[in-house]
Every structure is written in C-alpha cells, then in structure tokens.
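[1] Turn this into a model:
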Amino acid sequence: MGGMMAEDEVVKGGIASYAFEHFEIASYKALIKTAEMASKPEIAQICKEILQEEIAMADWLSQHLDDTTHEFLVRDDEDLRAKT
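    Residues are numbered from 1 along each chain as shown. Predicted coordinates for the structure are as follows:
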C-alpha cells in the first residue's frame, strides 16, 4: 500500500463525485423552494425531477465507493508485491 497515496485518483474521484452530488442536491432543494415562493410550480416540478436523478446518483456512488476502494487497494497491493 506504499504507492497508494500517489496513485489514488480513482478513489479520490469517487469521493469528489459523491461530494459534488450532495452539492447539487442542496442546490436543487434551494431552487425548488425559490420556485415555490415565486409561484412557479412548473419550474419547481422540473427541479424536483432533476433532484431525484441527483439523489439516485449519490446513492449509486455511495453503494459503490466501498467496492471501488477495495479494488483499488487490492490492485495496489498486488502491484507492490509484483515489484518486490
């Protein structure tokens, strides 16, 4: 696992994507409230539909982050053993 800190872009990418999805979720919640307060139900509805897509992606990323991390660590460990 010694080389892992330099080459963990896949794991970092998953973490960054997960964090960004939550930023998008919060943004759509704010947009929904804004549209509702502005009496724009059609805009609120569109934002609600998009919000569900963002939640689904955040859930998918959450469900796969452990496996992604595990696979990265296994491959990194195998690479280290092959080099020694």
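[2] residues in contact with the most centrally placed residue in the chain?
    Nearest to the mean C-alpha position of the chain, by C-alpha atoms, centre = their mean, lies Tyr18 at 1.9 Å. Tyr18 is in contact with 58, 61-62, 65, counting by C-beta atoms under 8 Å, 6 or more residues apart in numbering. Where you see a C-beta, it was placed from the backbone N, CA and C, and this is true even at glycine.
[3] Neighbour count and secondary structure for the residues you listed - can I get that in JSON lines?
    Listed next are those as JSON lines, based on neighbours: other C-beta atoms under 10 Å; DSSP: H, G, I helix; E, B strand; the rest coil:
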{"residue": "Ala58", "neighbour count": "18", "secondary structure": "helix"}
{"residue": "Leu61", "neighbour count": "19", "secondary structure": "helix"}
{"residue": "Ser62", "neighbour count": "13", "secondary structure": "helix"}
{"residue": "Leu65", "neighbour count": "15", "secondary structure": "helix"}
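[4] Out of these, the closest to Val11 would be?
    Using C-beta to C-beta, Leu65 comes nearest to Val11 of these, at 8.0 Å.
[5] Of all the residues in the helix or strand containing the residue nearest to the centre of the chain, which ones are buried?
    Using DSSP states H and E, Tyr18 maps to helix 9-37. By neighbour count with 16 or more other C-beta atoms under 10 Å, helix 9-37 contains the buried residues 11, 14, 18, 21, 24-25, 28, 31-32, 35.
[6] pLDDT averaged over that helix, what's the number?
    Per-residue pLDDT over helix 9-37 has a mean of 97.
[7] Kindly provide the distance from Glu36 to Glu49.
    Distance check for Glu36 against Glu49: by C-beta to C-beta, to the nearest Å, it reads 15 Å.
[8] swap in Ala35?
    Look at Ala35 and Glu49: by C-beta to C-beta, they are 12 Å apart.
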